[in-house]
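[1] have a look at this prediction, sequence included:
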Number of protein chains: 2
Amino acid sequence: MAYESALAALSDPTRRLVFERVLTAPQAVGAIAEGLPVSRPAVSQHLKVLKDAGLISERREGTRRLYVANPQALGELRAAIEAMWREALGGMAAQIEKEQEK
Amino acid sequence: MAYESALAALSDPTRRLVFERVLTAPQAVGAIAEGLPVSRPAVSQHLKVLKDAGLISERREGTRRLYVANPQALGELRAAIEAMWREALGGMAAQIEKEQEK
DNA sequence: AGCATCGGTAAGCTAATGCTAACGTAAGTG
DNA sequence: CACTTACGTTAGCATTAGCTTACCGATGCT
């Protein structure tokens, strides 16, 4: 529904790194933070933003929390971008046609 | 190539408004700024960001400058998002399969 | 040339953003 | 119950981002 928040969430480079790590399989926060250029709390904050945007979901397992990407939100973003893309294509086609008439 | 900059450029709400105005047809800066909640210089700055991201192109016509959306950059962004989407879908499918084995 | 129109640019301010360090908390373990 | 593990949260800080106002350059017209 709100592709805007997904767009904003993915605009940050390190947050994209975080997101890409949970793209294919659930990951614990510690595992996500490992190898990233920021501290673990920073990762937690990024995860919160991603979750608020609906891009990931959380599942608790004992003392750990596993995060996974939510394909649906990504699909909505994809659809929104694609709609704009088609609009731009259509506009360009109309523009060329106008040029031909001349 | 650099879908990241397109993503960052489109993450700002008013910049999205600017972009959507040049999506289907070329527009002059004054026409774009009209009706927007920000000043014309602000629009100019947004246009610069969009242009640097490759999302729009500029054409001079007398004293005016016409800006249009560039479908290609939008297409690249679409492809990048779609790739991530497919990854997420695949990951979820694998996850479900694992669940079934249990 | 003089003037008006159309826009890009610079300076400066404010609000938001990302980060770290320190602390708080809940679930397992002895 | 004490202790550890695994995270979230808060406070505070530095940086960035978007906006406005004022100014400057280029083009067109008379």
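    Yes, it's here.
[2] so does the helix or strand of chain A with the lowest mean pLDDT get close to chain B?
    Here the helix or strand of chain A ranked lowest by mean pLDDT, DSSP states H and E is helix A:71-101, holding a mean of 94. Yes: applying CB under 8 Å from any CB of the partner chain, one finds helix A:71-101 in contact with chain B at A:71, A:74-75, A:77-78, A:81-82, A:84-85, A:87-92, A:94-95. Using the backbone N, CA and C atoms, a C-beta is placed for each residue, glycine as well.
[3] in that helix, what's buried?
    Buried residues in helix A:71-101, counted by 16 or more other CB atoms under 10 Å in any protein chain shown: A:71, A:73-78, A:80-82, A:84-85, A:87-89, A:91-92.
[4] who in chain A is up against DNA strand C?
    Neighbours of DNA strand C within chain A, by CB under 7 Å from any atom of the strand: A:8, A:11-12, A:14-15, A:37-39, A:41-42, A:45-46, A:49, A:62-63.
[5] hmm, back to that, next, the angle helix B:71-101 makes with the least confident helix or strand of chain A.
    Between helix A:71-101 and helix B:71-101, the angle comes out at 160 degrees (axes from the mean of the first three to the mean of the last three CA atoms, to 10 degrees).
[6] distance from the chain centre to helix A:71-101, please.
    Helix A:71-101 sits 20 Å away from the centroid of its parent chain (CA atoms, centre = their mean, to the nearest Å).
[7] one more: stretch A:25-44?
    Remark: stretch A:25-44 is offset 17 Å from the chain centroid, using CA atoms, centre = their mean.
[8] send me that stretch as PDB with only the CA atoms.
    Presented in PDB, the C-alpha positions along stretch A:25-44 are these (Å, rounded to 0.1, in the frame of the first residue of the first chain):
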ATOM      1  CA  ALA A  25      17.000 -16.500   4.500                       C
ATOM      2  CA  PRO A  26      16.100 -15.500   8.100                       C
ATOM      3  CA  GLN A  27      19.100 -14.000  10.000                       C
ATOM      4  CA  ALA A  28      19.700 -13.100  13.600                       C
ATOM      5  CA  VAL A  29      20.700  -9.600  14.400                       C
ATOM      6  CA  GLY A  30      24.200 -10.600  15.500                       C
ATOM      7  CA  ALA A  31      24.800 -12.400  12.200                       C
ATOM      8  CA  ILE A  32      23.600  -9.500  10.200                       C
ATOM      9  CA  ALA A  33      25.800  -7.000  12.000                       C
ATOM     10  CA  GLU A  34      28.900  -9.200  11.600                       C
ATOM     11  CA  GLY A  35      31.000  -7.800   8.700                       C
ATOM     12  CA  LEU A  36      28.900  -4.600   8.500                       C
ATOM     13  CA  PRO A  37      30.800  -1.300   8.900                       C
ATOM     14  CA  VAL A  38      28.400  -0.200  11.700                       C
ATOM     15  CA  SER A  39      27.700  -1.300  15.300                       C
ATOM     16  CA  ARG A  40      25.000  -3.800  16.300                       C
ATOM     17  CA  PRO A  41      22.700  -1.100  17.800                       C
ATOM     18  CA  ALA A  42      22.900   0.700  14.500                       C
ATOM     19  CA  VAL A  43      21.700  -2.500  12.800                       C
ATOM     20  CA  SER A  44      18.900  -2.800  15.200                       C
END
